[in-house]
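Novice: structure, please.
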Amino acid sequence: YLLKYKHFLLMLLSLESMVLSLFMLLFIYLSMYLNEFFMVMFYLSMSVCESALGLSLLVLIIRTYGKDKILMFDNLW
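Specialist: Here you go, the predicted structure:
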């Protein structure tokens with residue numbers, strides 16, 4: 001996974017596409033079988049918090065290092 005995506009922004013975009021596809025599957029399943037929307041809204045709010053945290057980390061890394069390459073994150077630990 002880390003070898004395919006070299007930039008942090010591309011990694012965040014791929015994670016968001018996975019979150020959206022899981023959201024759609026969860027929405028379809030819960031609306032057809034259980035008619036339950038509370039879990040869908042809870043999952044959506046958690047994914048929004050996760051994406052805001054990822055974007056704030058991206059801004060912090062770009063301000064600190066000037067680029068968003070994943071290979072330079074070995075220096076953070």
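Novice: residue for residue, what is the longest helix the protein has?
Specialist: Secondary structure of the chain per DSSP state H: the longest helix is helix 38-65.
Novice: which parts of that helix are buried?
Specialist: 40, 43-44, 47, 54, 58, 61 (16 or more other CB atoms under 10 Å). Any C-beta I mention is one placed from the backbone N, CA and C, and that applies to glycine too.
Novice: closest to L10 among the residues you listed?
Specialist: Of all those, L58 has the smallest distance to L10: 10.9 Å, by CB to CB.
Novice: now the closest one: how far from C49?
Specialist: Noted for L58: a distance of 15 Å to C49, by CB to CB, to the nearest Å.
Novice: count of residues packed around L30?
Specialist: Burial of L30 is recorded as 16 neighbouring residues (other CB atoms under 10 Å).
Novice: that one touches M39, doesn't it?
Specialist: Yes: the pair L30 and M39 qualifies as a contact (CB atoms under 8 Å) at a distance of 6.1 Å.
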